[in-house]
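Asker: structure, please.
(3 chains)
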Amino acid sequence: MSPAAGEAAVVVRAGVYHDSVTLMRVSRALSDLPGMDVALVAMATELNLAMARDLGFDPPPAGPADLLVALRGRDVAAAERELDRLLAAVSSARGPSGSSAYGMAGAEGPAPRTTRSAAARAGEDAGVALISLPGEHVLPEAVDAIEAGLDVMIFSDGVPVRQEVLLKRLAAERGVLVMGPDCGTAVIAGVGLGFANVLRPGPVGVVAASGTGAQQVTSLLDLAGAGVSHVLGVGGRDLSREVGGLSAVRALRLLDEDPATELVVLVSKPPDPEVARAVQEVVESLRTPVVSALTGRDDLTEAAERALRALGAPVPGWPSWPAPARRPPRPGAVRGLYAGGTLCAEAAAIAGGAPAVAEGKEFVDFGDDAYTRGRAHPLIDPALRLDALARVGPDEVALLDVVLGHGADPDPAASLAPAVARCPAAAVVVALVGTEGDPQDLHRQAAAFREAGASVFVSNAQAARYARDLR
Amino acid sequence: MTLLSGPPHVVTAGVDLLREALEAQAVPTTPVDWRPPLPGTAGALARVLADPRRRAANERAVDRLTSSRPLLVGVRRASELLHLPQPMFLHAGPPLDWERASGPMRGALVGAMLLEGYAIDEEDARARLESGVVRLEPCHHHRTVGPMAGVVSPSMWMFEVRDDVHGGVAYCSLNEGLGRVLRYGAYGPEVLDRLGWMDHVLGPVLSAAVELAGPIDLRALAAQALQMGDELHNRNRAATSLLLRELAPYVVNAAPGHAAEVLRFVGGNDHFFLNAAMAAAKVSADAARDVPGSSLVVAMARNGTDFGVQVSGLGERWFTGPAGVPDGLYLGAYGPADANPDIGDSTITETAGLGGFAMAAAPAIVRFVGGEVADAVAATRSMYEITLAEHPAYQIPALGFRGTPVGIDVTLVARTGLLPVVNTGIAGRVAGTGQVGAGLVSPPVEAFTSALLALAESALDPFDQ
Amino acid sequence: MTVGTRPRRPHVHATGAASTAVRPLLDAPRRAARVLAAFPAGAYLQVRTDREPSVIALLAPGATRLPNAVLLAGEPPRLTVGDDASVGDGAVRLGRLRLRASRWWDPAPPLGAADPAGLREAAAGLTPGEPALAGEPAVELLASGCASGRLLDVLTAAERLVGLGPGLTPSGDDVLAGLMVTLRLLGAATGAGRAVWLADWLAATVTYDARARTTPLSATLLHCAALGQASPEVAAVLRALAGRGPLEPALRRLHGLGHTSGSDLAQGIAIGVRSVLSCRPSRRSFPSRECA
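Answerer: Coordinates of the predicted model:
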């Protein structure tokens, strides 16, 4: 590769670690500097080193615990200064962290390096550990949390199923709950962990084996004025034969004991039959009524409606802002570009396409492991979906989800709405999952997508039906 | 507080964005400053942490380490205490042969040959050592520890330390003082003369005095000394004074004729207590040995060539890496070029929660660790990250009488990449030079990673039960 | 913060955890407000409205969480008494600062069902602390009236206690707040309908003219207490009394509140617990069951 114009620099900062989302944000900020062509700031994994080489850099030898900085543009020195400023800001926000070999000696001492140490530092206040490390590094921190008596939410995916079973067994022995892995959602007494919506407190407790599925149900409940006590995301594999519903059963019992919870909604993919029987037995033993929503069998909107009826609350008409198609699409040609796996499956079941991971198929879940390895979740990083939107055929309908709430892109319309406007599709339909309390402002987001020419629905099922039926 | 009873305080590890989202919700968080584990250890860590024996094994091992009660019960000749068939010497660190031995180790071995009369002169001593007729075995294989070269030969007098709780026993030679001494590889006439005096005067007198005094509680002495500014590895001034105060009347009673010279010798050597502290640390660490499934480090030792560790759950196996050259302050005109790689069994003090791990207790010697008291406090604090317990008896006034970090866990070293902080003396690399400085040394990472990989191989599978 | 600064500079966005007690104020159309009190850990805002709640507490994390509080995610803004503000349309606006709720918490968390026998046992651990109105005849009358079920005594005592004592939250109001919350929540939890009925009467009596008789903050807090809304410290003690957690640490935290506020609230709780226990539990419609 020939060197591009401007200065270039590639350096490795040994032993400097930041998480991938932070570095993505830093890279993006540097790329936006005037005159900057390339700014890659990432941990020096094989993947990232290869990317640097592809970009024409010649990185020195380094490992995954070192920071790789590759810059090319008009003023590389200025970019490096900006990099230092950004990283310093991140570190100071995170509290005291090590600059010397043993960390700085603040009043509290050097920042804790393990969950065990952090739990000890937090003392009896500590309640939950939220772990969002790469999957292969989750186990030690989760074991620490369980042994310290903390409940654990494992946001990460890529945790081997054997490790999941092990952690859930340990948690059962210790009397704590493991939420996740591969479940982005939990809300504990209003506190959103991971991807979560701002929900009003109320009587509905949710046990979910699906993150975005739970977000859809709870957002609809909130829009209908029904509150939520807690959302316990138990992990996408929890109700599989291997895991046997270990966390779902524990979560159901916890909600049954919880005085704030009057109704439980169980959101899951259809479980393994044996596990389903065991869970059903537990459900029948509870004092609290349970509404089950098995995705693929029931749609999530129906589940929310059944929960409302069980509470004796009226079912509202779900807000929607349909727009006419730009031109008649080829019948049934719906291309789903999803960030949420369960939402994708639900839409595919309704609109007809087979859910599939491989690009080029009709429904793609960009939140799947295959797309998130080495990059942030599409709820945070829109890049892959922006590309995909540009490649939808002119006789097709593009159907996508936009999920609001804590942890998600602070303004998804800022990047996605222009892409929707430019999208060559015959029509674009957006399932906008969120509440009026969400930081992104549901109504402003809806307006932005409407102005870009999309139809907007707060119910994913309704969005999928609308996309399917467009003529 | 149970999970659902209210908004939780959250410990976060991973994506900073998710911690920010919690802060925006006015939720208190304690973030983990997480880094990737040492290269190549992620799989092994998962296996070791999944070993169903680990937690209980580590609890038991570290409890035995911290509950031991070392008493000085005697001072006796090595030939009485140890089985040392002639010609055989003990040495510091993991196993070593003459060929790989460093300058100071060779010097000390030559000195021991001369001291014991196994050779007529230096040249003869070297030839015999080179020929392999002299057996060399690590002190650690004989319930013994030795500072620096750590060479123990039959005529040397040893502290005999018994663990009153677990019943173990450990030995360490008597300290010769600073400057040109055998343990730093010097073997000139004044070195051998001093050893001769120790053999004929110091040893017998101390032996009689300790017998008169009855068992001396070393744990209590060490605990007091920590509150008087010692860390019991590179500073032993307070502990030596305390020991002297205990022994002085009995020394006078036992040998009025030699009392003055013995007391002067002990009182003139600020490190005299170090050897007793080492034996005490050794007997405590040995109590924690051989707990199946435990990832606790029970020995760290250097022979001037290799740095080795032993782990409770892995028996007598050594896991080694090249000994590093200490970073520190040099005496007189000496400099880093004169320094030998790290040497000695004195890292048993760090293994037992003293030395570098107790740096915050010893502001007087902070120049070894960077110059500021804050550096010493940071060094100690960082060691809580890799240790399983806080010592119930050894406390640090500057940390609000918090117990010293004790019980190095191999898995925590691999997870944090934080290596044990080791204080040490620096030996001259040329045999016979003696001490050239003192400072801090970093153990080699591979000693810990290879121990972890071995633990992973021997780990039980939780699904096999 | 200066009054009337033109909003030329961009907004500073801030977030916090808001009590659902103040959701009506935040969700309503924007109304004027002013800073009623300012202190290092936060400030109280009074909203121009005839209805309660009318005062919002903006508090730094770690401050006592009043039932009308928004807990700030960051440092509290520097405010001066009298500063102009506005509340409504989803936000609190203070000069350049625009504060939104990033989560909601329930100041009246349900206690679930509680067993009166367990409550009797737990109540033995209710140590008195040092309430400011110890020995005050109106408090004694309130206590005896609650224990015997003499409504007239209870309401007479309550009339005398509203606004009694110095400070932003007079001790008399704290005692009444502790009592009303306890009667309502523990009464519901144990099925003592008579206690809830008493809470209703008390609520009507003390909120009727509270705005004329006590401070604006205290009037809002009495309004909250009348609905069963309390600070989490009070809720934690009630939860412990209902058998859902250890009492001693919860009580210790409660006693630590304010100068005497914690002990005053605890005094009200103790009176409420005795009243609940004196009622024969029944789940029938009230006021049909009798008190001892």
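Asker: ok, the nearest residue to C:A138 once chain neighbours are set aside - contacts?
Answerer: Among residues not flanking C:A138 along the chain, C:R160 sits closest, at 4.1 Å (CB to CB, 6 or more residues apart in numbering or on different chains). No exception for glycine: its C-beta is placed from N, CA and C like everyone else's. Shown in contact with C:R160 (CB atoms under 8 Å, 6 or more residues apart in numbering or on different chains): C:138, C:141, C:172.
Asker: ok, now how distant is B:L440 from B:I396?
Answerer: 18 Å (CB to CB, to the nearest Å).
Asker: between the two, which one's more packed in?
Answerer: Ranked by neighbour count (other CB atoms under 10 Å in any protein chain shown), B:L440 and B:I396 place B:I396 first, with 26 against 22.
Asker: thought the more buried one was touching B:R381?
Answerer: No: judged on CB atoms under 8 Å, B:I396 makes no contact with B:R381 at a distance of 9.9 Å.
Asker: shared neighbours of these two, which are they?
Answerer: Between them, B:I396 and B:R381 share the contacting residues B:A360, judged by CB under 8 Å, 6+ apart.
Asker: what is the top strand by length along chain B packed up against?
Answerer: Longest strand in chain B, counting residues (DSSP state E): strand B:387-396. When contacts are defined as 3 or more CB pairs under 8 Å, 6 or more residues apart in numbering or on different chains; DSSP states H and E, strand B:387-396 sits against helix B:54-67, helix B:218-226, strand B:402-408.
Asker: low-scoring pLDDT stretches of the stretch 351-471 of chain A, where are they?
Answerer: Within the stretch 351-471 of chain A, the ranges that satisfy pLDDT under 70 run A:353-361, A:374, A:471.
Asker: flag every residue of it that's near chain B.
Answerer: Proximity of the stretch 351-471 of chain A to chain B, by CB under 8 Å from any CB of the partner chain, involves residues A:380, A:406-407, A:439.
Asker: of all those residues, which two lie farthest apart?
Answerer: Distances among these were taken as CB to CB; the most separated pair is A:I380 and A:P439, at 13.9 Å.
Asker: so which bits of chain C are right by chain B?
Answerer: C:15-17, C:61, C:71-74, C:102-103, C:105, C:109, C:232, C:236, C:239, C:244-245.
Asker: what pLDDT does the residue lying closest to B:H141 once chain neighbours are set aside get?
Answerer: Nearest residue to B:H141, sequence neighbours excluded (CB to CB, 6+ apart): B:E316, at 7.2 Å. On pLDDT, B:E316 comes in at 95.
Asker: same thing with A:R241?
Answerer: Confidence score, pLDDT, at A:R241: 95.
Asker: wait, what's in contact with the nearest residue to it once chain neighbours are set aside?
Answerer: Excluding its sequence neighbours, the residue lying closest to A:R241 (CB to CB, 6+ apart) is A:D272, at 4.2 Å. By CB under 8 Å, 6+ apart, the contact set of A:D272 is A:239-241.
Asker: got it, and C:G245?
Answerer: C:G245 touches B:1-2, B:5, C:236, C:239, counting by CB under 8 Å, 6+ apart.
Asker: and the residues you listed, which is closest to B:D97?
Answerer: Once CB to CB is applied, the member of the contacts of C:G245 that ends up nearest B:D97 is B:M1, at 59.7 Å.
Asker: contacts only, for C:R103.
Answerer: Counting by CB under 8 Å, 6+ apart, C:R103 has contacts A:190-192, A:198, B:7, B:25-27, C:17-18.
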